[in-house]
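Trainee: missing the sequence, but the structure's below:
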């Protein structure tokens, strides 16, 4: 299992040990050669001047054949009902862009090391199945759903059609960063929906959230687009909508009034309490980028620009005399941006034909490009417009560790990929009363149900060593996580005044 939390979010959250599930994917990936997805696209802008419809029945009937049921059988319970995040938890932690929401306060109710060993990964548990939804992505049997729907699954099945037919699905690839998973079933002649250009979606556009829970019939909810380019819980980019995202339509498509996919439903209100006025969907353009890479490579390779940025506040807009863009506070030496001629103080206003609204928009634009892509970056320097040609690099953990707050996203490959860490600051030392003699990294989150959680690692722990090698800072810890082969990892922790060795067994993810 990988962490479902972003490795390096734009606003400067913790680095993580984040890997693309190499072992699980080797076991579940198809043996046939990787292919290029044949995806239907329709980039036309929706007709916003059309009269309000009395009924969407015909639209829903047409889309119904593209919505499928996804059943993930596990030996342990999933991390959340139907593989989805709790909206209550999402709001409690806070999400950028929503007023009055701050970061989740650091936990103080730490649990001491258990007197009994944590449950072994080999302990048999009653099989559980969490039916959710997916959408046919290509006519030759590729199905897209959310990462959390199939997270930790021993077997995945897809059901579709009338009469209902079930298929055992192969996991072609999965990406915790975007919260997406691509499945393959042995079927042809399927009916995929067209993908809209989600960059053209605007606030107020009418959308429908579809799903097919347990194969018992289609569910539909209607709403409008409430916000764009938001960091969701477990996804690097989300569309917010007031259409109810319920247990039935998680993993199903969010469609526009032309019946095209604008996003993939990814979150719902907690405890089936109904619509709380906020649902999340992964934008169609991001789903296509991820799905095509998963089909081709089995994993997602993200590009690196190599900059640190900050928003343009009103006073800065006046000083720099620009309307929008991303202000570069630093261009790292030797980075693609540096080689392309960009400098600190430049304001990036365009990437190819895309007008950049703000730093997060720049981050998302770069994240959707493959390493090695050459882009034209429009920028403003000293009041003058200019353009630079930049060949994007590949995001790596070393660059992320040195990043310290930029908009670049980096994947890592290594053990303890279900743990998020941060530096052990003086503030954390004082709060937890960590002795000065101890050096290590602070655990900010542990994915529920994963190997690290089962072994007993908790939020608030201080990781001192991995395989008897010190982890004095984040960069050192992440580097070690890549070097250690596993599947069993010896970890030394400090918690509540005590140190202890534990073994994390990653052979059963």
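Mentor: Yep, that arrived. These figures come from a predicted structure and were not determined experimentally.

Trainee: Give the residue spans of the chain that score low on pLDDT.
Mentor: Scanning the chain with the threshold set as pLDDT under 70 gives 1-34, 75-130, 214-215, 229-236, 267-277, 396-414, 508-509.

Trainee: Can you list the buried residues in the helix ranked longest in it?
Mentor: The helix spanning the most residues in the chain, taking DSSP state H as the definition, is helix 284-297. Buried residues in helix 284-297, counted by 16 or more other C-beta atoms under 10 Å: 284-296. No exception for glycine: its C-beta is placed from N, CA and C like everyone else's.

Trainee: Equivalent analysis for stretch 363-382, please.
Mentor: Buried-residue list, stretch 363-382, by 16+ other C-beta under 10 Å: 363-370, 375, 377-381.

Trainee: Looking at the buried residues of helix 284-297, which is nearest residue 72?
Mentor: Ranked by distance to residue 72 (C-beta to C-beta), the buried residues of helix 284-297 are led by residue 294 at 17.0 Å.

Trainee: now the closest one: how far from residue 287?
Mentor: Distance of residue 294 to residue 287, given as C-beta to C-beta, to the nearest Å: 10 Å.

Trainee: shared neighbours, these two?
Mentor: Here residue 294 and residue 287 have residue 180 as joint contacts, going by C-beta atoms under 8 Å, 6 or more residues apart in numbering.

Trainee: on that earlier part again, for the longest helix of the chain, name the packing helices and strands.
Mentor: strand 142-146, strand 170-175, strand 180-184, strand 261-267 (3 or more C-beta pairs under 8 Å, 6 or more residues apart in numbering; DSSP states H and E).

Trainee: Distance to residue 503 for these - can I get that in JSON lines?
Mentor: JSON lines is the format used below for these (distance: least, C-beta to C-beta, whole Å):
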{"stretch": "strand 142-146", "distance to residue 503": "31"}
{"stretch": "strand 170-175", "distance to residue 503": "26"}
{"stretch": "strand 180-184", "distance to residue 503": "29"}
{"stretch": "strand 261-267", "distance to residue 503": "34"}
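
Trainee: Can you lay out these as TSV showing distance to residue 480 and mean neighbour count?
Mentor: Output for the helices and strands packed on helix 284-297, formatted as TSV (distance: least, C-beta to C-beta, whole Å; neighbours: other C-beta atoms under 10 Å):
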stretch	distance to residue 480	mean neighbour count
strand 142-146	31	30
strand 170-175	24	24
strand 180-184	28	28
strand 261-267	32	30
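
Trainee: and of those strands, who's closest to residue 243?
Mentor: Checking those against residue 243 by C-beta to C-beta gives strand 261-267 as the closest, at 8.5 Å.

Trainee: Strands - which of the buried residues of stretch 363-382 land there?
Mentor: 375, 377, 378, 379, 380, 381 (DSSP state E).

Trainee: which ones are touching residue 135?
Mentor: Neighbour list for residue 135: 66-68, 143-145, 192-193, 251-253, 261, 264 [criterion: C-beta under 8 Å, 6+ apart].

Trainee: Looks to me like it is in a helix.
Mentor: No. Assigned with DSSP: H, G, I helix; E, B strand; the rest coil, residue 135 falls outside any helix and is strand.
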